[in-house]
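*Asks:* Compute the structure for the input listed below.
(chains A, B, C and D)
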There are 2 protein chains.
Amino acid sequence: MNIKEASQITGVPASTIRYYEKEHIIPAVDRNKSGVRDFDDHAIRRISFAKKMRDAGMEISTLKQYINLFDNVENSEDEQLALLVEQKRLMEEKRDKMNDAIDHLAHKIDNFDTHMLRIENELRTMKANKKERL
Amino acid sequence: MNIKEASQITGVPASTIRYYEKEHIIPAVDRNKSGVRDFDDHAIRRISFAKKMRDAGMEISTLKQYINLFDNVENSEDEQLALLVEQKRLMEEKRDKMNDAIDHLAHKIDNFDTHMLRIENELRTMKANKKERL
DNA sequence: ATATTACTTAAAGCCGACTTTAAGGCAAGA
DNA sequence: TCTTGCCTTAAAGTCGGCTTTAAGTAATAT
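*Replies:* Just a heads-up that it's a prediction; the model follows:
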């Protein structure tokens, strides 16, 4: 499978796939005799994993760290597990912040009429204050 | 309250507060007679709101849009409500993606031993394949 | 044969979101 | 008075994460 198909299947632009390979975020992809990349299932899964983690806000540097740790069998299982656990924790933390923000917006939506009146009042007060100050 | 205190209270760097003011993400802050910013509760709340939304991944441009819409009483309530609802939807979408990634990591953690063996086997197979190809 | 289309690379460019720098102003304490 | 420590601005710099460009190769269609 060529890079265009790989791109369509994974939803990751071809330029980004090349970039990910260069940055070792995905392993070196097999080439045919003329040097064209030939993606197999494993490659596709690696791209999809990278996408999933990127979509979830994991940084390239962390992803790289993660990948290197797992691709290198020399590394201790403890280290690998610790990284997994830590990344999960960080993501949960971030997700909780998102839920906070969502709640904040939900609250504003629920109280929209009241909120509007309050904002308008605030503005009226601010304008009055400005006039006083002049 | 000066910018240093405002920064400490909100957890937003002074340079970022200045940047937010310049970009109209927070309203123009009051100044004392020598031109030094004097932050009040309202200003602090606006900074904290900006931080919360940024932490949740809302882009500066969207935040600006949001702020402008709400600070300008001329705008229709419908438009404002629509923006709130849309932003909430986008954030929920993003949060769901994070939960996906978290589940993925949780799964890897749960099956760590098995996973390790699978990875090792994969690598062994890959190496064997490479040798064959040579 | 030539045009088209898809691939390749290295390097440069771009964008968002700050952060740093340079040059200076003001107020308080030694 | 002068040093300390805060503040100010505009402009330049940085960084992450791609994306685009330029120049070229290879296979296929006309």
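
*Asks:* which parts of the lengthiest helix in chain A are buried?
*Replies:* Longest among the helix segments of chain A by residue count, using DSSP state H, is helix A:77-110. Buried residues in helix A:77-110, counted by 16 or more other CB atoms under 10 Å in any protein chain shown: A:80-81, A:83-84, A:87-88, A:90-91, A:94-95, A:97-99, A:101-102, A:104-106, A:108. Heads up, the C-betas are built off the backbone N, CA and C, glycines and all.

*Asks:* Show me where chain A dips below the pLDDT cut-off.
*Replies:* A:73-75, A:113-134 (pLDDT under 70).

*Asks:* close to DNA strand C, is the longest helix of chain A?
*Replies:* No. On the criterion CB under 7 Å from any atom of the strand, helix A:77-110 is out of touch with DNA strand C, staying 13.8 Å away.

*Asks:* Check whether that helix comes near DNA strand D.
*Replies:* No. Counting by CB under 7 Å from any atom of the strand, DNA strand D is not contacted by helix A:77-110; separation bottoms out at 13.1 Å.

*Asks:* same for that helix, what does it pack against?
*Replies:* On a contact count with 3 or more CB pairs under 8 Å, 6 or more residues apart in numbering or on different chains; DSSP states H and E, helix A:77-110 meets helix A:60-71, helix B:41-55, helix B:77-110, helix B:112-133.

*Asks:* Apply 10 Å and report the result again.
*Replies:* The contact analysis (3 or more CB pairs under 10 Å, 6 or more residues apart in numbering or on different chains; DSSP states H and E) places helix A:77-110 against helix A:60-71, helix A:112-133, helix B:41-55, helix B:77-110, helix B:112-133.

*Asks:* The shortest one near DNA strand D anywhere?
*Replies:* Read that as helix A:60-71. Yes. Under the criterion of CB under 7 Å from any atom of the strand, helix A:60-71 makes contact with DNA strand D via A:60, A:61.

*Asks:* For that helix, what is the distance to the chain centroid?
*Replies:* 15 Å (CA atoms, centre = their mean, to the nearest Å).

*Asks:* So the nearest residue to residue A:5 once chain neighbours are set aside, which state does it fall into?
*Replies:* In space, and not counting its chain neighbours, residue A:5 is closest to residue A:39: 7.3 Å by CB to CB, 6 or more residues apart in numbering or on different chains. The three-state label given to residue A:39 by DSSP: H, G, I helix; E, B strand; the rest coil is coil.

*Asks:* Residue A:39: what's it in contact with?
*Replies:* Contacts here follow CB atoms under 10 Å, 6 or more residues apart in numbering or on different chains; on that basis residue A:39 touches A:1-3, A:5-7, A:9-10, A:17, A:26, A:29-30, A:46-47.

*Asks:* Name the nearest residue to the residue most central in space within chain A, sequence neighbours excluded.
*Replies:* In chain A, the centroid-proximal residue (CA atoms, centre = their mean) is residue A:57; its distance is 2.4 Å. Nearest non-adjacent residue to residue A:57, counting by CB to CB, 6+ apart: residue A:94, 5.9 Å away.

*Asks:* Kindly report the same for residue A:97.
*Replies:* That would be residue B:55: by CB to CB, 6+ apart, it lies 4.8 Å from residue A:97.

*Asks:* Nearest to DNA strand D within chain A, name that residue for me.
*Replies:* Closest residue of chain A to DNA strand D, CB to the nearest atom of the strand: residue A:60 (2.8 Å).

*Asks:* so how many other residues sit close to that residue?
*Replies:* Residue A:60 has 14 neighbours, counted by other CB atoms under 10 Å in any protein chain shown.

*Asks:* Wait, it touches residue A:50, no?
*Replies:* Yes. Counting by CB atoms under 10 Å, residue A:60 touches residue A:50, with 9.1 Å between them.

*Asks:* Spell out which parts of chain A neighbour DNA strand C.
*Replies:* Counting by CB under 7 Å from any atom of the strand, chain A comes close to DNA strand C at A:2, A:3, A:4, A:5, A:14, A:18, A:22, A:31, A:35, A:36, A:37.

*Asks:* Mind checking which of the residues you listed are buried?
*Replies:* Of the residues of chain A next to DNA strand C, these count as buried by 16+ other CB under 10 Å: A:3, A:37.

*Asks:* Of the residues of chain A next to DNA strand C, which pair is most distant in space?
*Replies:* Spatially, the most separated pair among the residues of chain A next to DNA strand C is A:5 and A:22, at 19.9 Å (CB to CB).
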